[in-house]
Structure formats: structure tokens, C-alpha cells
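Colleague: dropping a prediction and its sequence here:
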Amino acid sequence: MRQRKGTLFVFAAPSGAGKTTLVHAVVTKHPELRFSISYTTRKPRRNEADGVDYLFVTKSEFMRLRDRGEMLEYAEVFDNYYATSRSQVEGHLADDRNVVLEIDWQGARQVRESMPECVTIFILPPSVEELERRLRDRRTDTPEVIERRLRDALTDMSHWDEFDHVIINDDLNQAISDLEDVLAGKGEASSTSNETLRRAVERIIG
């Protein structure tokens, strides 16, 4: 394994918090960042492309990759599997590139075990009510799936304190600015050790 030189930034969030929009906005502004494209066994949504948004594979292909040790982390979410390519991440880091990884809290926990030097960031909505509105406005899921996503989101949100930073995604431009501070090593305001931030999070999750 080549020596790691870059920094790995790991993002997680409950479904509907706007993580994908926020991460893609930052990567677009900072093309020097490398975005780790995750494997998934779920079907593409109508606005997604293979090799751009995800690496779409069958369950049998996924299991072969896992058994070969290609997964830095993997998890089953909403009856589908997601995983991070170990070789993709290691290659970017060895080339002195900062890498952005967009996964769930379970995957983030696995990555921390393998790469404790990574920087972990959790994205929160400004309120549970706003989270529900965003999920319904997607119009991609049935009411039953939305209810399950909401229940699971509340569970996901309870793990915020495992992360180094929390970004509250209320105003997108402000969230991008807060995130850029973290990438620059100046994210004291969003640090989970910051008492003002902790009080704001407690107001959101109750």
C-alpha cells in the first residue's frame, strides 16, 4: 500500500438532509478534490449516471468485490448494498489528493477504524419538519417508503456526536461556506466540541 499524503473527508447524513447537493456543490467549486464514487446495488434514479453518481453493480458482483477485499466499508441500506472502493481512495490519497467520501454513519464508523486520521462530517437538516418536506418533495418514493425513511433518519441523526464536525444545511450557501472552512482546517464553529453547535443540534433532534 502506498503512503497516504492527502486527507480523507467522510460525509454522512440522514436521508433528505441535502448531503449530495452540498457535497457536489463543494466538489464543483474545488475541482482539486477527488470524489470517491460508491458502489451500490440499487437501481439508478432517472437523473443518475453510472460512473458519475454511483458505480451500479448487481448483488452478485458486489459480493465478489467484497470477498476480494475491494471494500473499504460497506453497508446494507433500504434493502440495497453500498460500498467504498478501497483502491480508489488509497490511490487518490497516495497522489496527495484530498478525497471526499459520501456514505452513511455505519460506513463512516468502519472508515474511522481503518483510517483514524480521516475528518468526519455529519450533515443535518434545520429541523425534522424540513427533513420531511424535502423527502416528500422528491416525489421518488411511496408514502410508506417516506415514513420508513423518516423513522430511519431519526435514528441516523442520533449518531451525530460520533463525527468531528456537524454542518446544519439550512441555507445552502452558508452550509457550503461552513464546509469550506472544515476543508481548510478552520472548522472550529462546526466542531462537535463547540458548545454553541451542540446546543443547536439538540434543538433540532430534541
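Modeller: Received the coordinates, thanks.
Colleague: could you use CA atoms for every contact and neighbour count after this?
Modeller: Noted.
Colleague: that's a helix at I123, yeah?
Modeller: No - using DSSP: H, G, I helix; E, B strand; the rest coil, the assignment for I123 is strand, not a helix.
Colleague: for it, which residues make a bridge with it?
Modeller: Assessed by DSSP bridges, I123 has beta-bridge partners I167.
Colleague: next up, the contacts around S127.
Modeller: I204, I205 (CA atoms under 8 Å, 6 or more residues apart in numbering).
Colleague: ok, now A108?
Modeller: A108 makes contact with V10, F11, A12, E73, T120, according to CA under 8 Å, 6+ apart.
Colleague: the residues you listed into CSV, with extra columns for secondary structure and neighbour count?
Modeller: Output for the contacts of A108, formatted as CSV (DSSP: H, G, I helix; E, B strand; the rest coil; neighbours: other CA atoms under 10 Å):
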residue, secondary structure, neighbour count
V10, strand, 25
F11, strand, 24
A12, strand, 27
E73, strand, 23
T120, strand, 23
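Colleague: for the longest helix seen in the chain, packing partners?
Modeller: Longest helix in the chain, counting residues (DSSP state H): helix 143-157. Under the contact criterion of 3 or more CA pairs under 8 Å, 6 or more residues apart in numbering; DSSP states H and E, helix 143-157 touches helix 128-138.
Colleague: returning to what we had before: quick one: which of the contacts of A108 is nearest to G187?
Modeller: Of all the contacts of A108, G187 sits closest to T120, with 11.6 Å by CA to CA.
Colleague: so for the nearest residue to that closest one once chain neighbours are set aside, what's the pLDDT?
Modeller: Nearest residue to T120 in three dimensions, chain neighbours excluded: V10, at 4.6 Å (CA to CA, 6 or more residues apart in numbering). Turning to V10, the model gives it a pLDDT of 96.
Colleague: tell me what the lowest-mean-pLDDT helix or strand in the chain is packed against?
Modeller: Within the chain, no helix or strand scores below helix 128-138, which has a mean of 84 by mean pLDDT, DSSP states H and E. Judged by 3+ CA pairs under 8 Å, 6+ apart, helix 128-138 is in contact with helix 143-157.
Colleague: residues making contact with the helix it packs on?
Modeller: Counting by CA under 8 Å, 6+ apart, A13, P14, S15, W105, L124, E132, L135, R136, I205 sit against helix 143-157.
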